[in-house]
Structure formats: structure tokens, C-alpha cells
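K.L.:
Got a sequence here, can you build the structure:
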Amino acid sequence: MPDQIGGILDFCTISNPYYPTPEMLADIQARLPTLIKSYPSCDQSISRKHLAEVIHVDPEHLLIGNGATEFISIVCRSLIRNIGIAIPTFGDYLHKLKSTRAARLYRLRADHRYQLNLAAYLAWARNNGLKSLIVINPANPTGQFHSLDDLREFLTSAQDMDLVIVDESFIDFAGDPVPSLLSCADAFPNLLVVRSMGKHCGVPGLRLGYCYVANRKFLDQLQKALPTWNVNTIAEYFLSLLPSTDDDYHRTRRMVIDDIRALHAGLLKIRGFTPYPSGANFILVRMDDDAAGSGSDKGPLTATKLCDRLARDFKIYVCDCTNKVGMDSRHVCLATQGREKDQHLLDALGQILGRCSP
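P.N.:
You can find the predicted model right below:
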């Protein structure tokens with residue numbers, strides 16, 4: 001859905017607001033009558049080459065899916081017997097398991113800002129007899145970013161694991177150049193990199209994602225589990241545009257990085273809120289213990305109260321993280337939507353808290 005309908009501003013949508021470019025959208029629109037009357041290819045080789053050209057990997061180790069969730073579902077139901085999952089996390093890694101008994105939950109501490117220590121996580125997995133682990137980098141919903149050096153060290157230590165899934169759906173907003181494991185993934189045969197394209201390419205409606213794995217056995221298992229025509233024709237055409245628009249893409253990616261830094265700086269000025277550092281295009285924010293609303297909402301401010309007030313009085317939607325397994329009731333997630341819209345959010349939050357730092 002668009003980010004603004006009837007005057008509503010949606011800060012739940014985690015997506016690059018600047019890409020695809022207007023020229024790309026016009027191109028796709030002009031070709032739409034042909035695209036929707038055509039079957040997509042049943043062979044991904046051409047689309048894989050287009051994608052591999054911009055992410056600089058071996059196309060033979062790539063698979064393209066109907067969003068990252070297609071691979072999450074296949075992996076959780078087909079490739080693992082038991083797995084360690086740090087919580088809070090992206091809900092699909094919990095919901096798509098073939099059995100709740102397949103997962104052991106590693107609870108991150110609220111007083112440590114739900115930060116994951118990779119070495120402690122690996123030690124916990126071994127102590128619990130687990131052979132598979134999931135790491136989301138940057139993490140969802142915390143935005144915590146592990147450097148490329150830290151991930152390489154972790155993967156080197158974790159070679160006794162059967163499978164390590166690293167979800168890099170937000171890695172393009174973590175730095176410049178992009179600090180992705182794709183640059184060294186071939187060195188780790190137990191590594192499966194999963195990425196959503198809806199976030200960093202700004203096309204969640206196209207349902208595009210991919211995985212990269214050097215392990216031939218894993219690759220064959222995933223390939224067999226994918227349905228024919230799992231990527232639609234419009235998505236295929238979008239992939240064909242990536243090589244010629246790569247410079248535009250990286251320009252917009254850097255714009256998002258600048259925007260998220262500006263949003264973080266603005267949130268720091270609102271007393272009563274604690275924005276966590278983020279390597280993604282969203283920020284997890286905690287309402288401090290002494291945070292209180294104004295007017296009829298005076299009293300301790302919870303995530304649900306804040307979301308209700310923003311929607312009712314300002315037509316602004318933000319993500320209430322209360323329903324995240326392992327998270328308390330004091331956190332909301334804010335996805336940048338560009339400087340102008342972000343400023344509307346900051347103004348509304350300042351009014352609700354009734355106080356800002358000078």
C-alpha cells in the first residue's frame with residue numbers, strides 16, 4: 001500500500017522511499033499490459049545474472065524467491081531439525097517452524113537493550129546441543145549491527161554448526177560500501193545468506209528476495225522446494241533494470257542512511273525517549289520509565305498508548321512492538337520515510353511528550 005492514504009503517514013513500512021526512480025516506474029508502467037499477459041520464465045538463470053551483476057556474486061549460488069519469507073519458510077520446515085533463535089526477532093522465524101519444539105529461544109535482556117553477543121550466543125547453542133543458528137544483521141527489530149569482521153570471526157568459530165542463517169535484509173543501510181557477507185560467503189559452506197529486496201529496493205509489493213549459499217546440497221534442496229514460476233513477470237522485469245540503474249540505487253541508499261541518522265538525532269532531542277543505535281532504515285525507540293503523555297494520556301506511556309495517540313490525533317502509524325515475543329510494552333519501531341515526513345513524526349512525538357531538550 002502507498003505510504004500516505006487520506007493524509008495518513010505510515011512509519012511501519014520499512015522500505016526505501018527513493019527507489020525505484022520515477023523513470024523506472026514509468027518504464028514498468030508502460031510495459032505493464034505486456035508483462036501481465038506473459039508467463040514468467042521457469043528458468044531463473046537470466047534473472048540471477050542480472051541480480052549477480054549488482055551484488056557481485058556467483059550467479060550459480062543464487063536463488064530468487066517470492067520475498068525472503070519464501071526461503072524462511074522452506075528453511076525452517078525442511079532444512080533444520082532444531083535451531084537457536086535470539087528473541088525478540090522477526091516473527092516469521094518463529095511462525096514458520098514446522099514445530100515449536102524445533103526452536104530454542106535465546107532471550108535477550110531488556111536492560112542490555114536486547115543486544116546480541118555473538119560469542120555468548122554460540123556458546124549457548126553448543127551447551128544446548130543445537131546445530132543451527134539464526135543471526136539477523138542488522139537485527140529486526142533492534143537495528144543492532146554486527147560488523148563484517150565480527151561476523152567473519154563468528155562464522156569461523158561456528159564451523160561445527162550444520163547451518164548458520166544470516167538474514168541481511170537491512171544490510172544496505174548499515175554502511176558504505178555495503179558491509180555484506182556476500183563478499184566472503186563462499187568461504188563458509190554452512191552459511192546461508194537470506195535477503196529481502198522489498199526493503200532496500202523499495203518494492204515490497206513485488207515480493208522479491210533471494211538467498212546465497214555455496215553449499216551444493218543446501219542449494220539443491222532449496223531449488224527442489226521452490227515452486228515453478230515463484231517470481232512474477234513484473235518482478236523479473238524489475239530485476240532486468242538493476243544493472244543499468246545501479247548508480248541510482250546506491251545514491252538513494254545513501255540518502256536513506258543520511259535520513260535515518262537525522263531521525264535518530266531528532267529523537268535524541270525528545271526527553272523521555274531512548275532511540276537505540278541502528279544499522280537499518282528503522283529505529284527502535286524505548287519510552288523511558290518517567291515518560292508520560294500530555295492531556296488525557298498523562299501517566300506512564302506505553303507503546304500501545306503512544307501508537308493510539310499518534311493515530312488518533314496525528315494520523316500517523318508506527319509499529320507497536322508489544323506483540324514481539326521477548327519484548328516488553330515500552331518499545332516502538334519507526335521506519336524513516338524521508339526528511340519531510342520524518343519531521344512530522346518528530347513534531348508529533350514532541351507534542352505528545354510535551355517536552356524537548358533545548
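K.L.:
Please identify the buried residues of the lowest-mean-pLDDT helix or strand in the chain?
P.N.:
One helix or strand of the chain scores below all others by mean pLDDT, DSSP states H and E: helix 92-95, with a mean of 80. Using 16 or more other CB atoms under 10 Å as the test for burial, helix 92-95 gives 92-94. From N, CA and C alone the C-beta is placed, and that goes for glycine too.
K.L.:
How far does stretch 64-79 sit from its chain's centre?
P.N.:
Relative to the mean C-alpha coordinate of its chain, stretch 64-79 is positioned 15 Å out (CA atoms, centre = their mean, to the nearest Å).
K.L.:
Name the residues that touch that stretch?
P.N.:
Stretch 64-79 is contacted from outside by 44, 47-48, 51, 63, 83, 92-93, 96-98, 102, 132, 163, 165, 167, 169, 192, 194-196, 198, 207-211, 218, 221-222, 225-226, 230-231, 239, using CB atoms under 8 Å, 6 or more residues apart in numbering.
K.L.:
And stretch 85-98, by the same measure?
P.N.:
With contact meaning CB under 8 Å, 6+ apart, stretch 85-98 is reached by 69, 72-73, 76-77, 83, 103-108, 114, 116, 121, 134-136, 139-142, 167, 321, 324-327.
K.L.:
Just the buried residues of those.
P.N.:
By 16+ other CB under 10 Å, these give 69, 72-73, 76, 83, 103, 106, 108, 114, 116, 121, 134-136, 139-142, 167, 321, 324, 326-327 as buried.
K.L.:
from the middle of its chain, how far away would the lengthiest helix in the chain be?
P.N.:
In the chain, taking DSSP state H as the definition, the longest helix is helix 246-268. When distances are taken as CA atoms, centre = their mean, helix 246-268 is centred 15 Å away from the chain's centroid.
K.L.:
What's the first helix or strand after it?
P.N.:
strand 273-275 (DSSP states H and E).
K.L.:
So which other helices or strands are in contact with that next one?
P.N.:
Contacts defined by 3 or more CB pairs under 8 Å, 6 or more residues apart in numbering; DSSP states H and E place strand 273-275 against helix 246-268, strand 282-287.
K.L.:
winner for burial among the ones you listed?
P.N.:
Mean neighbour count, computed with mean count of other CB atoms under 10 Å, is highest for strand 282-287 among the helices and strands packed on strand 273-275, reaching a mean of 24.
K.L.:
So residue 84 belongs to a strand, correct?
P.N.:
Yes. Applying DSSP: H, G, I helix; E, B strand; the rest coil, one finds residue 84 inside a strand.
K.L.:
what's the pLDDT at it?
P.N.:
At residue 84, the predicted lDDT confidence score is 93.
K.L.:
measure it to residue 91 for me?
P.N.:
Using CB to CB, to the nearest Å, one obtains 17 Å as the distance from residue 84 to residue 91.
K.L.:
Settle it for me: which of these two has more neighbours?
P.N.:
Remark: of residue 84 and residue 91, residue 84 carries more neighbours, 22 against 14, as counted by other CB atoms under 10 Å.
K.L.:
Let me know the distance separating residue 136 from residue 164.
P.N.:
12 Å.
K.L.:
and stretch 59-72, how far from the chain's centre?
P.N.:
Taking mean C-alpha positions (CA atoms, centre = their mean), stretch 59-72 and its chain are 15 Å apart.
K.L.:
I'd like to know which of the helices and strands packed on strand 273-275 is closest to residue 176.
P.N.:
Closest to residue 176 of the helices and strands packed on strand 273-275 is helix 246-268 (CB to CB; 6.2 Å).
K.L.:
what packs against the closest one?
P.N.:
helix 45-55, strand 273-275, strand 282-287, helix 339-353.
K.L.:
contacting residues around stretch 150-169?
P.N.:
68, 72, 75, 79-80, 83, 90, 118-119, 122, 125-126, 130-137, 140, 146, 180-182, 184, 188, 190-196, 199-200, 209, 218.
K.L.:
Derive a PyMOL selection command for the buried subset of the residues you listed.
P.N.:
A single PyMOL command selects the buried members of the contacts of stretch 150-169 (16+ other CB under 10 Å):
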select buried, resi 68+72+75+79+80+83+90+118+122+125+130+131+132+133+134+135+136+137+140+146+180+181+182+188+190+191+192+193+194+195+196+199+200+209+218
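K.L.:
Inside strands: which ones of the contacts of stretch 150-169?
P.N.:
Using DSSP state E, the subset of those located in strands is 83, 132-136, 191-196, 209.
K.L.:
Columns distance to residue 306 on top of these, output as CSV?
P.N.:
Compiled in CSV, those are given as follows (distance: CB to CB, whole Å):
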residue, distance to residue 306
83, 33
132, 37
133, 33
134, 29
135, 30
136, 25
191, 39
192, 37
193, 35
194, 31
195, 31
196, 27
209, 31
